[in-house]
Structure formats: structure tokens, C-alpha cells
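*Asks:* Here you go, sequence then predicted model.
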Number of protein chains: 2
Amino acid sequence: MNPVNLKQLAQELNLSVSTVSRALSDSYEISATTKAKVQELARQLGYEPNPYASSLRRQKSKTIGVVIPEVANNFFSLAINGIEEVARENDYHVLIYLTHDDAAQEATIVQHLASGRVDGLLASVAGATQDFTHFGKLQARRTPMVFFDRVCEEFATAKITTDDYQSGYQATQHLLEAGCRHIAHLLISDRLSIGQKRLQGYHDALQAHGFTPDPTLLLHGTSDKDRNQTLVQELLQQNPAIDGIFASVETLAMSSYLACRQLGRRIPEDVKIISFSNLEIADLLDPPLTTIAQPAYEMGREAARILFKAILKNRPILPTQSQELKSKLIKRRSTAVL
Amino acid sequence: MNPVNLKQLAQELNLSVSTVSRALSDSYEISATTKAKVQELARQLGYEPNPYASSLRRQKSKTIGVVIPEVANNFFSLAINGIEEVARENDYHVLIYLTHDDAAQEATIVQHLASGRVDGLLASVAGATQDFTHFGKLQARRTPMVFFDRVCEEFATAKITTDDYQSGYQATQHLLEAGCRHIAHLLISDRLSIGQKRLQGYHDALQAHGFTPDPTLLLHGTSDKDRNQTLVQELLQQNPAIDGIFASVETLAMSSYLACRQLGRRIPEDVKIISFSNLEIADLLDPPLTTIAQPAYEMGREAARILFKAILKNRPILPTQSQELKSKLIKRRSTAVL
DNA sequence: CTGTTAGCGCGTTCAG
DNA sequence: CTGAACGCGCTAACAG
């Protein structure tokens, strides 16, 4: 069965192509009878309009792009869930691209997207990204863009994050109130603003409580989980006084759990752990992980919503549309941190 | 900055559009000097070919579709990883669609895809899907299609799965050898062939060891995790003799862990658990989960590879290209199932 | 209410 | 080696 197009429908019905086109888009200037006839035949033959012809003509792709570091990650998969849902509500398609946290790949991808392939872009930047000219190309083309979570501060566009500074502050305060005196911080990346903000919250909370941040208690995470576990183990061994860990991302909390088990450090009696993390995983751990729960799904939805407002109204996105969604500190029962 | 097109490049250089087009595609019939000039200007102006014009003309979208039940799932996110990677290697784009395990949504999506939007489709069907005519439409259009994991048996096309029957058999045998006498099976869906095969393996292993499968030990999972936990708890309470659980998917294993903890059943002393699951999660649990590890990433890659062979050679996919990838039974140290 | 015409931007004849 | 012309399938302006 050949793909059927407007021309074939038109011939079959002795109508012009444009009439058929209008009938299918339910135009007001077509009689009810021909509309019915056209739509009936279209249904019968299983007509599906060629999206690329349509895109070319209307200069709209009905597609958005999502550029993220990885998908095998609770936060991002939940976010995609929200994004896909909003896209569907708006009758849009979703192209997905993984950077594997590599700045060069990210540049290639975004560069390529400056071709009209997408009407808008949602992005969470790679940790190592320094040069942001590729995003500039998109902006020059007036393609709306919203950053979420791993945002790019130097860009004048909307950004959806969690209240990273406050969360970092609260997390640290929580550990302090639970009696911790030597709190390590596991940083995701010194380049990412979310890392900086969480770190700043950690610093300020320590100082507000009369402690001086100890740089030897700061660990820079890598992209290799096994390596992270080793690093945490070394950190714990070199600083036996550590009685609290604030991990900036879920995977670093996981490595901490494994490291503690490996070293026979009891959680939470010897070491209390708190982390940004998905609730389900946190609950599954034994003892459950005290969590700063990010509303990942909602962040995806919100970022997409802002993007679609711009796309559909054909208006540039203002940086003032940025938002910080609130995360929730979830103290788990048996964690005994409380 | 306006999107620059061939026409503009041509005017700027006093060349014809077709020459420019050929120069950019590095055609042999263009002089080296003009090629250089054209490519230089294109680079300077940041020319990106309009993909939709190109698609329309060449009748190729350079895009594949991926239809899956959900993305917030270890198996699927790893699979997407593999798929995206192979797509990139072939310079293809990936459209993603989530069915939320809903047959009607799946039908709408796939139906819509029968429009030339994608050159090929990778799909893992929704549990409740009964009517497969939507996939038929794609096949009628000769759009290559590969099913993976949750495959659709009644379709004559390639399918990538794990060795579900054997794995189910081995898992059950493993529990039997560890001394279990009352093994429950948590089924993902009675409609999905993977569920059926795993169940069959379970049955056959029981019988081969002289046991009669007890239908009251069979639990049908739902899509609601909390509900699943409740169901498992009820199952354990109604059948106090249960000393082993074989879960057909990771999320059911998670619910089992939580249920056991809730009821104070010790793992593995009172109840031994084995499940299809991602290794990372399995290791994180305490005690670690004995796992049938599916090569999710490899399955994604393999499915995509087969798809691209068909797309690039413009040949239909034969059902004989189906494969069963081997899963690995991973006995975790302290699980003591061993 | 319907048909005719003219592109959207690109690739591919066919001529020269 | 280069240019002119056509059409992929669809939508939109303009006629009638």
C-alpha cells in the first residue's frame, strides 16, 4: 500500500487538491457535504498528511528537542516524562539527544538543531561545557529555549531549577541539628551552577552555625560510579571524623552507601547521609535515605509549559520567566537522622 | 539573524543554487576551488540545511521513532541509551513516545507515525495491547519495525528479547536449589509474551523438580507500585509458607523488598527473592538482590542495528532476524540465596 | 463554496 | 564543470 497523498484523494473525488486540504483541516469555507465525503475517503484510505511537507510550508516543525546529559538517571527520566506529556498535550513531537556530559557532543547536537528541525529546545547542559556559542546560534535564530536543572547562567532565557541554595543550606543544617560535626560534601561538578549553589548553601549553613568549612571534606564527583565509590571510601578513611555526608546528586549518595557498607560504617549511627534524590530509591535503601526530593516531573512539565507559551505565541522567552521550584526535605522514619 | 539557505549562498557567490547544493554535498562534478569557496561561506554564515525540505525531496526523514511504555524505568532508559547511540552513529534522529502502557495511546501514536515521519520504528508494546492493526499500517507502508523486550508475537518482523523462558526456568531452579519449597511468582502481565514465557519457565522448573505449580502463588502485578506492595503483603500473609519469590520485573522485586520489611520477613532467611533487574539497583539493596540481569543497553543497540540495516539497505525486515540475547544470573554475595 | 497558482528549500534530472 | 527547470506534498493568497 502506497502512502496516499492529497493529490490522490483529490483525483478520486474529482476535487482540487486545495479543497481536499481545506476539507481535512475543517475549514469554514467548505460545504458540510464535501467535508464529509473527503474525510470519509481519507479515513478509508488511511490518509496521513506528510509532516515534512507541512513543516516546510508552514515553517513549523511541531517538534521540540530535548538535550540532556543522560537518560539512565532518575531525575532526567522523570523530567522527560513531564516533558513528553506536555508536548503531547500540545500535539508536539519530542526529539531526544544525549550528550553523555560531553561538551563537544553537546555543541555538535545543538549546532545541528539550529536548522529549523525543532521549534524549541529544552536543555540541561553538560558539566564541562564552557563555551556556549552553540546555544547562541539557536538564540540568533530566535528558537525558544528553556534550560532546566543544569542551567547555563550566562544565557538570557528562562531557567527552571530547584531552590538549590536553600536546599543545600537546609540539608547541611539538618545534619548539624542531628549532631554531625564533620560534614563532607560530595560535589557534582564545580562548573555547574547547581553545584555551586548547593555548595554555597553548605558553606553558609556551616558558618551560620559557627563552623569553618573544611576544604578537605569536599569531594569532586566523577562520571564513573565505581570510581566515586572508591573516592568516598578514601575520603572516609582519610577523615575518620566524618559523621555526615551531604551528596549533591543521587548517584553520589548511592556510592556513599556502598562505601559505608564496604568500610563497615553504620548508617546513620556512624555516618548520616542526606542527598538530592528520587523518593522511590531513597525508600528502597536500608536504612532509607533522608532526601531532598526534587520535583523532577514537575520541572519537566514547567520547563515545557514555558517553552510552549513562547512557541505558540511566537514570542521570545524572557529570563524573567525563570523559576525555582521548591524541593522537599523528606526525613525518613528509621533513618534516625531525626 | 535569518536562517540562511542555499539561495542566499548562491546569490552571495554569483553561483546557481544547484552548484552550491552540489558543492556542499561534495559532488565530484564541482571544481575544488568553488567547493572551497562555497564551503567557506557556508561555514561563515552558519548555514544549516533545512532538514524538512531535504526530507521532502529525498523521501527520507533521517529519523526513527521509539515507542515504549515508560522512560522512568531502568530497563527502558538503558535501552534508549543504546538506541540513541546507534542512531547517532548512523546520523539519525530519535523521536520518543511514551504509551504509559495504554493500548489506545499506543494506537494513536503508531497510527500517526504512519505518515513518513520516521524511517523506522522501535517498539516495546503496551501490556494491554490486544489489537495490533496500528502496527499493520506501518508495515503496509513498508516502514521497518523492530520490537524489543515487550514484543508482539503475531507480527512478522524482527524481535529482540532476552531468553525469557530459560531465565524463568533458571531463576526458579535457583530458588529450588537454595531450598525454597513455596515459590511465588510475580507476573508482569498475562498478555505480554515475555510474561508468559517467564511464567512457563517457572512452571516447567517446578514440575521438573517434582513440584506442582500452585495457582494461589501467582500474583498479577499492576501499574501502581504502592498497590503492588499491598498485593505482595497480602500474598505473603495469606500464604505464610512462601519462602521464595520470583519477580518478573524490577519494580515487583522492589515492592517485595518493601513488603517483606513491612511484615518483618527477613531476606533471605525467611524469603529469598530473585528478579529480572538492573545490576546497580540490585547491588544497592540490602541484602543485594539476586538478579537476572538483562543486557538492556545491548538490546537497545541490537534492535537499532537491525533496524538500520533495513533502513539503509531499503530492505524489509525478516522475522528470522530476531534474537534472544542472553541474560546473566548474578548471585550476590551476602544474599545467601546461594 | 471551490479551483488556480505560487511557493516553502532542497536534490536531481537534463542541457550546455 | 555549471545553470535552468522541475517537483517532493502541502498550505495560502487570490480569483471567481
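*Replies:* Here it is on my side, so go on.
*Asks:* Going by C-alpha atoms from here, please, whenever you check contacts or count neighbours.
*Replies:* OK.
*Asks:* My understanding was that A:Phe147 contacts A:Glu154; is that so?
*Replies:* No. A:Phe147 is beyond contact range of A:Glu154, at 11.3 Å (criterion: CA atoms under 8 Å).
*Asks:* Which single helix of chain A contains the most residues?
*Replies:* Using DSSP state H, we find that the single longest helix of chain A is helix A:296-313.
*Asks:* for the following helix or strand past that one, packing partners?
*Replies:* Note on helix A:296-313: by DSSP states H and E, the next helix or strand toward the C-terminus is strand A:323-325. Under the contact definition 3 or more CA pairs under 8 Å, 6 or more residues apart in numbering or on different chains; DSSP states H and E, strand A:323-325 sits against strand A:158-162.
*Asks:* pLDDT on the longest helix of chain A, on average?
*Replies:* Mean per-residue pLDDT for helix A:296-313: 96.
*Asks:* Of A:Phe147 and A:Glu154, which one has the most company?
*Replies:* Taking neighbours as other CA atoms under 10 Å in any protein chain shown, A:Phe147 and A:Glu154 compare with A:Phe147 leading, 26 against 7.
*Asks:* three-state assignment of the more buried one?
*Replies:* Classification of A:Phe147 using DSSP: H, G, I helix; E, B strand; the rest coil returns strand.
*Asks:* distance of it from A:Gln323?
*Replies:* 11 Å (CA to CA, to the nearest Å).
*Asks:* So for those two, which residues contact both of them?
*Replies:* Common contacts of A:Phe147 and A:Gln323 (CA atoms under 8 Å, 6 or more residues apart in numbering or on different chains): A:158-160.
*Asks:* any idea how far the residue of the stretch 201-338 of chain A found nearest DNA strand C lies from A:Gln59?
*Replies:* Residue nearest to DNA strand C within the stretch 201-338 of chain A: A:Asn314 (16.8 Å; CA to the nearest atom of the strand). Distance of A:Asn314 to A:Gln59, given as CA to CA: 12 Å.
*Asks:* mind checking which helix or strand A:Gln237 is in?
*Replies:* helix A:225-238.
*Asks:* C-terminal to that helix, what's the next element?
*Replies:* Taking DSSP H and E, what comes next after helix A:225-238 is strand A:244-247.
*Asks:* quick check: mean pLDDT across that next one?
*Replies:* 97.
*Asks:* is chain B contacted by the following helix or strand past it?
*Replies:* Using DSSP H and E, the helix or strand that follows strand A:244-247 in sequence is helix A:250-263. Yes. Using CA under 8 Å from any CA of the partner chain, helix A:250-263 reaches chain B at A:254, A:257-258.
*Asks:* mind listing what's buried in helix A:250-263?
*Replies:* A:250-260 (16 or more other CA atoms under 10 Å in any protein chain shown).
*Asks:* From start to finish, how long is stretch A:271-281 in a straight line?
*Replies:* Using CA to CA, the two ends of stretch A:271-281 sit 19 Å apart.
*Asks:* quick check, that stretch touching chain B?
*Replies:* No. Judged by CA under 8 Å from any CA, stretch A:271-281 stays clear of chain B, getting no closer than 8.6 Å.
*Asks:* what does that stretch contact?
*Replies:* A:74-75, A:171, A:175, A:180, A:242-250, A:253, A:256, A:260, A:265, A:267, A:289-294, A:337.
*Asks:* Swap in 7 Å and give it another go.
*Replies:* A:74-75, A:171, A:243-250, A:253, A:265, A:289-294, A:337 (CA atoms under 7 Å, 6 or more residues apart in numbering or on different chains).
*Asks:* pLDDT (mean, whole number) over that stretch?
*Replies:* 92.
*Asks:* tell me the contacts of A:Val151?
*Replies:* Under the criterion of CA under 7 Å, 6+ apart, the neighbours of A:Val151 are A:124-125, A:159, A:193.
*Asks:* Work out for me the element it sits within.
*Replies:* Going by DSSP H and E, A:Val151 is not in any helix or strand.
*Asks:* residues in contact with A:Ser124?
*Replies:* A:67-69, A:147-151.
*Asks:* Out of those residues, the closest to B:Pro49 would be?
*Replies:* When these are ranked by distance to B:Pro49 (CA to CA), A:Val67 comes first, at 20.3 Å.
*Asks:* That closest one: which element?
*Replies:* strand A:63-68.
*Asks:* thinking again about what came up before, of the contacts of stretch A:271-281, just the buried ones, PyMOL syntax please.
*Replies:* Buried members of those, defined by 16+ other CA under 10 Å, are picked up in PyMOL with:
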select buried, chain A and resi 74+75+171+243+244+245+246+247+248+249+250+253+265+289+290+291+292+293+294+337
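*Asks:* could you pick out which of the contacts of stretch A:271-281 are near DNA strand D?
*Replies:* Among the contacts of stretch A:271-281, no residue lies close to DNA strand D (CA under 7 Å from any atom of the strand).
*Asks:* Within its local environment, how many residues does the closest residue in space to A:Leu325 that isn't next to it in sequence see?
*Replies:* Residue nearest to A:Leu325 in three dimensions, not counting chain neighbours: A:Thr162, with 4.6 Å by CA to CA, 6 or more residues apart in numbering or on different chains. The tally of other residues near A:Thr162 (other CA under 10 Å) stands at 22.
*Asks:* any idea how far DNA strand D is from A:Thr162?
*Replies:* 39 Å (CA to the nearest atom of the strand, to the nearest Å).
*Asks:* Which residues of the stretch 1-150 of chain A lie near DNA strand C?
*Replies:* A:14-19, A:28-32, A:34-35, A:53-54, A:56-58.
*Asks:* again, only this time at 6 Å
*Replies:* Taking CA under 6 Å from any atom of the strand, the part of the stretch 1-150 of chain A that reaches DNA strand C is made up of A:15-19, A:29-31, A:34, A:56-57.
*Asks:* name the element A:Glu84 belongs to?
*Replies:* Going by DSSP H and E, A:Glu84 is part of helix A:74-89.
*Asks:* from the chain's centre, how far out does the helix or strand just after that helix sit?
*Replies:* Sequence order places strand A:93-98 as the next helix or strand after helix A:74-89, per DSSP H and E. With CA atoms, centre = their mean, to the nearest Å as the basis, strand A:93-98 stands 12 Å off its chain's centre.
*Asks:* and strand A:93-98, anywhere near chain B?
*Replies:* Yes. Using CA under 7 Å from any CA of the partner chain, strand A:93-98 reaches chain B at A:93-96.
*Asks:* Need those in TSV (columns: pLDDT and neighbour count).
*Replies:* As requested, the residues of strand A:93-98 next to chain B are exported to TSV (pLDDT from 0 to 100; neighbours: other CA atoms under 10 Å in any protein chain shown):
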residue	pLDDT	neighbour count
A:His93	98	18
A:Val94	98	23
A:Leu95	98	22
A:Ile96	98	19
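*Asks:* And the furthest pair within those?
*Replies:* Applying CA to CA across these, the maximum distance is between A:His93 and A:Ile96, 9.9 Å.
*Asks:* which neighbours do these two share?
*Replies:* Joint contacts of A:His93 and A:Ile96 (CA under 7 Å, 6+ apart) are B:Leu95.
*Asks:* The one helix or strand A:Glu12 maps to and chain B in contact?
*Replies:* Assigned by DSSP H and E, A:Glu12 belongs to helix A:6-13. No. Contact between helix A:6-13 and chain B is absent, the nearest approach being 12.5 Å (criterion: CA under 7 Å from any CA).
*Asks:* now the angle between helix A:6-13 and the next helix or strand after that helix, please.
*Replies:* Sequence-wise, the next helix or strand downstream of helix A:6-13 (DSSP H and E) is helix A:17-24. Relative orientation of helix A:17-24 versus helix A:6-13 (axes from the mean of the first three to the mean of the last three CA atoms, to 10 degrees): 90 degrees.
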